[in-house]
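Asker: I would like the atomic coordinates for the input below:
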Amino acid sequence: MMLSNKTIVLGVTGSIAAYKAAEIASQLTQAGARVNVVMTREAVEFVSPVTFRAISGRPVVTEMFDLASEYSIEHVSLAAAADIVAVAPATANVIAKLAAGIADDMLCCTVLATRAPVLIAPAMEARMYMNQVTQENLEKLKARGFVIVGPGAGWLASGKEGLGRLADTSDIIDSICQMLGKGSGLAGKRIVVTAGGTQEPVDPVRYIGNRSSGKMGYALAEAARDRGASVLLITAPATTTEPAGVDVTRVGTAQEMCEAVENATPGADALIMAAAVADYRPARKLEEKIKKTEAGLTLELECTPDILSAVRGSIVRVGFAAESSNLVENAKEKLQRKGLDLIVANDVTAPDSGFGADTNRVTVIDREGRVDSLPLLSKRQVAEKVLDRVAELLAGAER
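Answerer: A predicted model of the protein is given here:
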């Protein structure tokens, strides 16, 4: 993942939401990041530094000259070491000081001294957040390149509901990944990903579908986003949560997906077709629900459109092949027939692989005939491997 081996400074301020920063620190650490926590004096009143020290395995800085920290005296070194600085939660007070360039505590010093990207996740009472002064301060920070995440709406410490809750941990971490990915091989590229399983209506209540969960396509969209790409996810019905920081177009049928892909691919750099698109659809959709009879039912089916054949222009094309036999042979035939640059094939009969699973065992084949059989990996790990190959193809096309 984009977080592995990255150094992240997590600034925690004196908000009631400070306890949520512990979960942020935990998830970042579990993802392989080196997390250095800087707490304001007010934050210590809400959460003990011991909590963050236990979670991150790192010293926690609470004072300008903290002799317990490896960053004592030369506090600028903390800023220099950071790949990104995230202030979550950020109070109105700290936002105001940063907008005014006031460095009277370790956190503000670090933010003002760093050349790394800075994320601000506001958390405060609704009227304080909506106050013109706070809004002007946030606009100043945005103009200086700071990324503002949230806040969300909901129940606040004041006992009222409104806009001012700290953004969800997943949204904050997704934004951190996206910011870190801007220097990767896909930074600035436009990637279209399809996902989910199409549903071809038989009557108002029934459809022909498949068991796709959408997990593979969603993992690809998240991984491409985290590498700095601009991502459009075209998704048929799926069972997983839509990723933050990704544009989403929802479709139902193969025809709708075909039209969405046609509209999305002009100007795109790559199309990754991870969706399980139905090969057939009822030749006629009935307007009334079909009643059960003893005579049984016969449906006339017709082919759905070939989406990849409708894609025009110079674009990297990646397809997926779910097979139950002759994996490599069938995948190679599909790669040639559809004019793909890359195909990712998996045996849906294999354990822990395919529809609904969190893992996948795939074989990647390119147009030169190179066959790369990968071990059982998480779908996110598979996505990273596929995107490595996409980045190579795009780099080759630019030479």
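Asker: quick check: closest non-adjacent residue to residue 290.
Answerer: Spatially, and ignoring its direct neighbours in sequence, residue 290 is nearest to residue 203 (5.1 Å; C-beta to C-beta, 6 or more residues apart in numbering). In this view, the C-beta of every residue, glycine as well, is placed from N, C-alpha and C.
Asker: surely that neighbour meets residue 285?
Answerer: Yes. At 6.9 Å, residue 203 and residue 285 qualify as touching, with contact defined as C-beta atoms under 8 Å.
Asker: re the thing from before, relative to residue 288, how far out is the residue nearest to residue 290?
Answerer: As for residue 203, its distance to residue 288 is 7 Å (criterion: C-beta to C-beta, to the nearest Å).
Asker: next: residue 162.
Answerer: Distance from residue 162 to residue 288, by C-beta to C-beta: 48 Å.
Asker: any idea which helix or strand carries the residue positioned nearest the centre of the chain?
Answerer: Nearest residue to the geometric centre of the chain (C-alpha atoms, centre = their mean): residue 222, 3.0 Å. Under DSSP states H and E, the secondary-structure element containing residue 222 is helix 215-226.
Asker: quick check: angle from the following helix or strand past that helix to helix 215-226?
Answerer: Moving toward the C-terminus from helix 215-226, the first helix or strand encountered (DSSP H and E) is strand 230-235. Here strand 230-235 runs at 170 degrees with respect to helix 215-226, directions being taken by axes from the mean of the first three to the mean of the last three C-alpha atoms, to 10 degrees.
Asker: quick one: average pLDDT of strand 230-235?
Answerer: Mean per-residue pLDDT for strand 230-235: 94.
Asker: tell me how far that strand lies from the chain's centre.
Answerer: 11 Å (C-alpha atoms, centre = their mean, to the nearest Å).
Asker: what's the answer for stretch 338-349, then?
Answerer: Using C-alpha atoms, centre = their mean, we find the averaged C-alpha position of stretch 338-349 to lie 23 Å away from the chain's own average C-alpha position.
Asker: and it, end to end?
Answerer: End-to-end distance of stretch 338-349 (C-alpha to C-alpha, to the nearest Å): 24 Å.
Asker: which helix runs longest in this protein?
Answerer: Longest helix in the chain by number of residues (criterion: DSSP state H): helix 379-398.
Asker: report all helices and strands that that helix contacts.
Answerer: Contacts defined by 3 or more C-beta pairs under 8 Å, 6 or more residues apart in numbering; DSSP states H and E place helix 379-398 against helix 215-226, strand 270-273, strand 316-323, strand 342-347, strand 359-360, strand 362-366.
Asker: now the angle between strand 316-323 and the first one, please.
Answerer: Which is helix 215-226. Counting by the same axes, to 10 degrees, helix 215-226 lies at 160 degrees to strand 316-323.
Asker: what about the helices in the stretch 101-250 of the chain?
Answerer: Using DSSP state H, counting those that start in this stretch, the helices of the stretch 101-250 of the chain run over 106-113, 126-130, 132-143, 169-180, 215-226.
Asker: any idea which of those is most buried?
Answerer: helix 215-226 (a mean of 28; mean count of other C-beta atoms under 10 Å).
Asker: so what touches that one?
Answerer: 1-2, 174, 177-178, 180-181, 186, 191, 193-196, 231, 233, 235, 238-243, 245-246, 272, 274-275, 320, 356-358, 360, 378-380, 382-384, 386-387 (C-beta atoms under 8 Å, 6 or more residues apart in numbering).
Asker: may I see the PyMOL selection of the buried members of the residues you listed?
Answerer: To isolate in PyMOL the members of the contacts of helix 215-226 that are buried, counting by 16 or more other C-beta atoms under 10 Å, one can use:
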select buried, resi 1+2+174+177+178+180+181+186+191+193+194+195+196+231+233+235+238+240+243+245+246+272+274+275+320+357+360+379+380+382+383+384+386+387
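Asker: hey, least reliable of the helices and strands packed on helix 379-398 by pLDDT?
Answerer: strand 359-360 (a mean of 84).
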